[in-house]
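Asker: Model the following, please.
(one chain, ligands or ions: 1)
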Amino acid sequence: MKKVYLDNASTTQLRTEVIQEITKILSEDYGNPSSTHGFGRNAKSVLELSRKTIAKHLNCASQEIIFTSCGTEANNWILRSAVRDLNIQRIILSKIEHHAVLHTVEVLEKEFNVQVDYVEVKSNGAIDISHLVELLSHEKKTLVSLMHVNNEIGTVLDLDKVGRICKQHNALFHSDTVQSIGKTEIDLTNLPVNFLVASAHKFHGPKGIGFAFVRKNSGLQPLLYGGEQEKGLRPGTEAVHQIAGMAKALSLSYSNLEKDRLHISELKKYLISQLELEIPEFSINGSQDGFYTILNVLLPFSEEKTAMLLFNLDMKGIAVSRGSACQSGSISVSHVLKEMLSTEDLNKPSLRISFSHFNTHQDIDLLVEALKSI
Ligand code: PLP
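Answerer: Residues are numbered from 1 along each chain as shown. Modelled structure (predicted):
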């Protein structure tokens, strides 16, 4: 049975070159970057070269890249330190942020009594920018946290526009860019953002490693205390092999970006055209012109079919992600779709299909065939 992996917003397959890079570092460059002998200096140079590579692709200074264990950690660090150390008194975010942001802010609200305001989300999943401007008109030291590409529905935020609005209102701007780094160009010299986060396993790198972009002189303080690693901002012996693997994965993502984006966009278009043909009553959750790697669809299936949908797809070797409740293995309604769909539509099955350059037209045919036969 051919297996079909269409869950790339969840995690991605490693590129062969990345695996080779990681194993090379593991076997050859095993020194501790903090050691002053040759082994240590060697590891340190791998570390700093990786930082430089990442910074070059995002057009920022190397010192502005801080390695973390994952995207979740980077989000937690930035939000918590902003409240604790930068005197942030209010956070503006949306209800369709990733839980790594939503749950962190909920805890900060309780712990520090920080004011939390939610910007409205339109029925197509877009952030209501005029509501954001209205919220920002109240005087208070504010941080805006809005994600770049939504991981469930693929809606895209105009980072430049929101960044300029934040700047005009003296607010700090943090964006969770976990779904977009490596998949679209980001020029941090010209983009008015203070903080971004990334996670290597979303761009064909290893799990357990990510980074934060923290603009110079931010004033952020560490969450953990220990050694001097990452300028004391994130102590703990660096995972050199993971970091080198992440830098390799990012480089390959950017050197193949045009070709891969074209291929994936074409696959997404092909899937939509096949669904129009075979399951014409389907609809797209979010916007028609969402990010090219993600498609979230509402399917016109009966209740019995809905209950076992993911299970049946899995039995056929097809991996996609649930979009809403009542499907096998899921326990709750998607907090993202809840903000956009009617109760009636929430009870119908939604699927998130997310692509990578490894996917083929045959994968799409197998998915559509499977959906038809369910
Ligand atoms: N933010 C977004 C938008 C994500 O999609 C994810 C992963 O699902 C995360 C944060 C968490 O990243 P990590 O798995 O590296 O903690």
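Asker: What segments of the stretch 151-300 of the chain are strands?
Answerer: Using DSSP state E, counting those that start in this stretch, the strands of the stretch 151-300 of the chain run over 172-176, 195-199, 210-214, 283-284, 294-298.
Asker: Figure out which of those strands is closest to the ligand.
Answerer: strand 195-199 (3.2 Å; C-beta to the nearest ligand atom). For every residue, glycine as well, the C-beta is placed using N, CA and C.
Asker: what are the pairing partners of that closest one, and which direction each?
Answerer: Strand 195-199 has the following sheet partners, assigned by DSSP bridges: strand 172-176 (parallel), strand 210-214 (antiparallel).
Asker: could you redo these as CSV and give each row mean pLDDT and distance to the ligand?
Answerer: Listed next are those as CSV, based on pLDDT from 0 to 100; distance: least, C-beta to the nearest ligand atom, whole Å:
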stretch, mean pLDDT, distance to the ligand
strand 172-176, 98, 5
strand 210-214, 98, 5
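Asker: closest one to residue 129 among these?
Answerer: strand 172-176 (13.2 Å; C-beta to C-beta).
Asker: And that closest one, how far out from the chain middle?
Answerer: The gap between where strand 172-176 is centred and where its chain is centred comes out at 13 Å by C-alpha atoms, centre = their mean, to the nearest Å.
Asker: Now do the buried residues in that strand.
Answerer: Neighbour-count burial for strand 172-176, with 16 or more other C-beta atoms under 10 Å as criterion, is recorded at 172, 173, 174, 175, 176.
Asker: Return the residues in contact with the third one.
Answerer: Spelled out, that is residue 174. 75, 78, 79, 82, 143, 144, 145, 193, 194, 195, 196 (C-beta atoms under 8 Å, 6 or more residues apart in numbering).
Asker: So for residue 156, which of the strands of the stretch 151-300 of the chain sits nearest?
Answerer: Short answer: strand 294-298, nearest of the strands of the stretch 151-300 of the chain by C-beta to C-beta, at 9.9 Å.
Asker: Which secondary structure state does the closest residue to residue 105 other than its chain neighbours sit in?
Answerer: Leaving out its chain neighbours, the residue that sits closest to residue 105 by C-beta to C-beta, 6 or more residues apart in numbering is residue 91, at 5.4 Å. At residue 91, secondary structure determined by DSSP: H, G, I helix; E, B strand; the rest coil is strand.
Asker: With residue 353 instead?
Answerer: Classification of residue 353 by three-state DSSP places it in strand.
Asker: Number of residues surrounding residue 137?
Answerer: By the measure other C-beta atoms under 10 Å, the count of residues near residue 137 is 7.
Asker: Would you mind confirming that it is in contact with residue 168?
Answerer: No. Assessed by C-beta atoms under 8 Å, residue 137 is found out of contact with residue 168, at 10.5 Å.
Asker: Output the below-cut-off pLDDT ranges for the chain.
Answerer: Within the chain, the stretches with pLDDT under 70 are 323-331.
Asker: What segments of it are helices?
Answerer: Using DSSP state H, the helices assigned to the chain run over residues 16-28, 38-58, 71-85, 99-112, 129-136, 159-168, 240-255, 257-278, 303-307, 309-315, 343-346, 361-373.
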